[in-house]
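[1] Got a predicted structure plus its sequence, pasted below:
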Amino acid sequence: MGSYGNWNARSPEEVQRYNGKRTDFNTAVERYESIKPLQGKRKALDIRPLGERERAWERVVKVSDTEYYLTCFGWSYYDKEKLLGNPKEAVKERRAITLKQEGNVETITIHGNRYGFVSPSIYYFYAFNLPLGLNMTKNKARTYISVSNEDGTHGYYTMEKGDITLYRPKGSVYWTPLQVHRETVHKLDRTKTKEIRKQLSNFVNYATMMAPLVEPKYKWGAILGTNWKEVVAQPNPEEYPELWIDCVVAIASKVSRYNWQTRTSEVNQKAIPDAIYREVYRAEKPFVTEVVELGEMCYDRYRSWL
C-alpha cells in the first residue's frame, strides 16, 4: 500500500480496490449471504459490512428476495436513530446502488449524492462496486456513468441530475438505459454580446488608455457590478465621469502581472477589454442554451456564472 497525503494512509482508491467487488444482482445475494452481521448493540439491524468490519457504513442490505442495495452512507448516527425508533431519521440512510431481479429482467439504479457532488471516497465506492459493463469516469469535474455498448462504444450519463436506471435481460452482458438525464450547455449569444460591447466601447477605450498611468489597487468583489450600465454611462461626451478612474484602478490590479526580470508589476493592456467584457457578461448572462446529445459528455464553460 502506498501513502496518501502526509499521513501514510491509504487513498480512497486503495481502500475500495481492497474492499470493493463488481456486483450485479447475483453477486449482491452472494455477498449478503457470505457476510456475518455485526454483533453487539446494532445486532438487530442486520448490518453486513462490505469488506473491513470497521467500515460498517459501507454495507449490503437485503430489502426482499428480489431487491438488494449497497450503500456507503450507512452512518452510525442513523443506526442509533433506527434503534430508538425514529422513522424520520431512519429513512435518511441513502442508497448508492440498488439491484433488482424481476422475472427475467435485472435492473440497477445508481443513486446520485444528495449534496450534488461526488467525493473521491464515494467515487471509488461506485467504481469498484458497479457490475461489469458499467464504470465511473470524469470529464472536467463532471461525474458520469460509462455504459459499454455491444458495438464497442460507450454511452456517458451524468450523475448530477438524479438517479440513473438501467436494465438487461437475464444472462446478458450489456446494460440498456431506462432512466437517464439530458444535459445542456450555455453559449454566448453573439447578438446580445455585440450590443453589450457597443455600450461598453467608450469605457473600454478609456480604461485601456488610462490603466498604464494609474497605481493598481485591488478591489474586493465586482468592479462594475450589476448596475454596470449606470457606471459606464457618459452623460457629457466631452467629459469622463470621476467614477471611471476608480474602476480603472481596480481593473489595472486585476490584469497586472509580476515581471520577474524587472521585478515590477506590469499592467497587461491587451487583457483589459476581455476583463471588462467578462465581468459584464457574468452579470448579464447573455446565454443561449443548447441540448447535448444523450450519451455524450460535455463541458459548460459558463456553468460557474449561473
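    Alright, I've got the coordinates. Given the structure is predicted, the values throughout are model-derived calculations rather than measurements. Numbering: from 1, shown residues only.

[2] measure residue 261 to residue 255 for me?
    19 Å (C-beta to C-beta, to the nearest Å). Where you see a C-beta, it was placed from the backbone N, CA and C, and this is true even at glycine.

[3] hmm, I was thinking of residue 188
    From residue 188 to residue 255 the distance is 21 Å (C-beta to C-beta).

[4] Neighbour count: these two, which is higher?
    Applying other C-beta atoms under 10 Å to residue 188 and residue 255 shows that residue 255 carries more neighbours, namely 20 against 16.

[5] What's the local residue count around the residue nearest to that one when sequence neighbours are not counted?
    Once flanking residues are discounted, residue 255 sits nearest to residue 271: 4.3 Å by C-beta to C-beta, 6 or more residues apart in numbering. When neighbours are defined as other C-beta under 10 Å, residue 271 has 17 of them.

[6] Tell me if residue 271 really is in a helix.
    Yes - assessed with DSSP: H, G, I helix; E, B strand; the rest coil, residue 271 lies in a helix.

[7] So for stretch 156-175, what gets flagged as buried?
    156-159, 164-168, 175 (16 or more other C-beta atoms under 10 Å).

[8] which other residues reach that stretch?
    If you take C-beta atoms under 8 Å, 6 or more residues apart in numbering as the criterion, stretch 156-175 is touched by 101, 104-113, 116, 118, 131-134, 137, 139, 142-150, 176-181, 183, 295-297.

[9] and the residues you listed, which are buried?
    With burial judged by 16+ other C-beta under 10 Å, the buried subset of the contacts of stretch 156-175 is 101, 106-113, 118, 131, 133-134, 142-148, 177, 180, 183, 295, 297.

[10] thinking again about what came up before, closest to residue 74 out of the buried residues of stretch 156-175?
    Using C-beta to C-beta, residue 159 is the member of these that lies nearest residue 74, at 19.6 Å.

[11] any idea how far the closest one is from residue 97?
    12 Å.

[12] Using PDB, list the CA coordinates for the longest helix belonging to the chain.
    The longest helix of the chain (DSSP state H) is helix 190-210. Only the C-alpha atoms of helix 190-210 are listed here, as PDB (Å, rounded to 0.1, in the frame of the first residue of the first chain):
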ATOM      1  CA  ARG A 190     -23.500  36.900 -30.200                       C
ATOM      2  CA  THR A 191     -26.300  39.300 -30.900                       C
ATOM      3  CA  LYS A 192     -26.600  40.200 -27.200                       C
ATOM      4  CA  THR A 193     -22.800  40.400 -26.700                       C
ATOM      5  CA  LYS A 194     -22.400  42.700 -29.700                       C
ATOM      6  CA  GLU A 195     -24.900  45.100 -28.100                       C
ATOM      7  CA  ILE A 196     -23.100  44.900 -24.800                       C
ATOM      8  CA  ARG A 197     -19.800  45.700 -26.400                       C
ATOM      9  CA  LYS A 198     -21.300  48.600 -28.200                       C
ATOM     10  CA  GLN A 199     -22.400  50.100 -24.800                       C
ATOM     11  CA  LEU A 200     -19.000  49.500 -23.300                       C
ATOM     12  CA  SER A 201     -16.900  50.900 -26.100                       C
ATOM     13  CA  ASN A 202     -16.200  54.300 -24.700                       C
ATOM     14  CA  PHE A 203     -15.300  52.900 -21.200                       C
ATOM     15  CA  VAL A 204     -13.100  50.200 -22.700                       C
ATOM     16  CA  ASN A 205     -11.100  52.700 -24.700                       C
ATOM     17  CA  TYR A 206     -10.700  54.900 -21.700                       C
ATOM     18  CA  ALA A 207      -9.700  52.000 -19.400                       C
ATOM     19  CA  THR A 208      -7.100  50.800 -22.000                       C
ATOM     20  CA  MET A 209      -5.600  54.200 -22.300                       C
ATOM     21  CA  MET A 210      -5.500  55.100 -18.600                       C
END
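
[13] Please work out the average pLDDT along it.
    Mean pLDDT, computed over helix 190-210, is 96.

[14] lowest-confidence helix or strand of the protein?
    Across the helices and strands of the chain, mean pLDDT, DSSP states H and E gives its lowest value to helix 87-90, namely a mean of 62.

[15] continuing past it, what's the next helix or strand?
    Going down the chain from helix 87-90, the next helix or strand is strand 97-102, by DSSP states H and E.

[16] which ones are touching residue 272?
    204, 207-208, 211, 251-252, 255.

[17] could you redo the last one with a cut-off of 6 Å?
    Going by C-beta atoms under 6 Å, 6 or more residues apart in numbering, residue 272 touches 207-208, 211, 255.

[18] can you redo the residues you listed as JSON lines with distance to residue 302?
    JSON lines is the format used below for those (distance: C-beta to C-beta, whole Å):
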{"residue": "207", "distance to residue 302": "23"}
{"residue": "208", "distance to residue 302": "25"}
{"residue": "211", "distance to residue 302": "26"}
{"residue": "255", "distance to residue 302": "21"}
